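let me see the structure of the following:
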Amino acid sequence: MLAVTVLYLTGRVSPFGTTGADKPPIISRLEPFSLLNQEARLVTLDGLRGRVWVADVIFTRCAGPCLQMTQRMRELEATLGPQSPVEFVSFTTDPEFDTPEVLKTYARRFGADSSRWQFITGPKPELFRVMIDGLKFTALEKKPEDRADPYDLFIHSTIFIIVDKQGRVRKAIEGLEPDFRSKVLAVVNQLAKE
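Numbers count the residues shown, from 1 in each chain. Next up, the predicted model:
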């Protein structure tokens, strides 16, 4: 009992029995943004407030991990089910090619529920500001001489970023790990209760 009391007083255990380390820290706060989704509808930070959301980075011409990342996001969407208050947001690194129409076709290919899963495009400076400065993704355009093929356009993150109801980045989870789903679901469920 003494050990539990010491841990509680030092902030390592909360009065509810969870460790203080269990609560994901605030990594960054998103600044307002205004971009377009696959339905050519405006997506803003204010429009996403009040919901936990999971974000990733893809582009539709990707010859690398994008298909796998999108499939994994689809698994998360299916696992959480349509009643879940969680949103899914995929940002493109290739806005010149990935227009709303192209993203809509890509979304259909994966059976994405457009009421919960948005594929985001827009002006490149605004898009990259949100992805890199706000969400802390990595997204670098490859020089033509460094490309292995015509579709080897970007080096980008393969992580899922989890954003809380207030638009704050709370967790980054590697999307290509075998146990990514359980890790994402644990954080999402915790943040949904905040």
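
Arg116: neighbour count?
18 (other C-beta atoms under 10 Å). From N, CA and C alone the C-beta is placed, and that goes for glycine too.

quick one: which helix or strand includes the residue minimising distance to the centre of the chain?
In the chain, the residue lying closest to the centroid (C-alpha atoms, centre = their mean) is Ala55, at 1.2 Å. Ala55 is located in strand 53-58, with elements delineated by DSSP states H and E.

swap in Val169?
Secondary structure assignment for Val169, by DSSP H and E: strand 168-174.

give me the residues contacting that strand.
Here strand 168-174 makes contact (C-beta atoms under 8 Å, 6 or more residues apart in numbering) with 24-30, 134-136, 158-164, 180, 183-184, 187, 191.

of those residues, keep whichever come out buried.
The neighbour-count test (16 or more other C-beta atoms under 10 Å) marks 24, 30, 134-135, 158-164, 180, 183-184, 187, 191 as buried among the contacts of strand 168-174.

closest one of the residues you listed to Thr79?
Nearest to Thr79 among those is Val184, at 9.0 Å by C-beta to C-beta.

would that closest one count as being in a helix?
Yes: the assignment for Val184 by DSSP: H, G, I helix; E, B strand; the rest coil puts it in a helix.

next one: Pro100 from Ala107, what distance?
With the distance defined as C-beta to C-beta, to the nearest Å, Pro100 ends up 10 Å from Ala107.

which neighbours do those two share?
Residues touching both Pro100 and Ala107 (C-beta under 8 Å, 6+ apart) are Gln38.

looking at these two, which is more packed in?
Ala107 (23 against 18).

just the element for that one, please.
Element membership for Ala107 (DSSP H and E) is helix 100-109.

can you name every helix or strand that that helix contacts?
Contacts defined by 3 or more C-beta pairs under 8 Å, 6 or more residues apart in numbering; DSSP states H and E place helix 100-109 against strand 117-120.

average pLDDT across the strand it packs on?
Across strand 117-120, the average pLDDT comes to 98.

select the longest helix from the protein.
In the chain, with assignment by DSSP state H, the single longest helix is helix 66-80.

hey, where'd the helices end up in this protein?
Using DSSP H, helices in the chain cover 2-9, 45-48, 66-80, 100-109, 124-128, 180-192.

follow-up on the earlier one: so the residue nearest to the centre of the chain is in contact with Ile159, correct?
No: when contacts are counted by C-beta atoms under 8 Å, Ala55 is not listed as touching Ile159 (9.2 Å).

give the residues shared as contacts by those two.
Phe137.

and for Pro82, the neighbour number?
9.

number of nearby residues for the residue lying closest to it once chain neighbours are set aside?
Take Pro82 and drop its neighbours on the chain: the residue closest to it by C-beta to C-beta, 6 or more residues apart in numbering is Asp113, 6.8 Å away. Neighbour count for Asp113, taken as other C-beta under 10 Å: 12.

try Thr138
Here the number of neighbours of Thr138 (other C-beta under 10 Å) works out to 14.

tell me how far it lies from Ile27.
14 Å.
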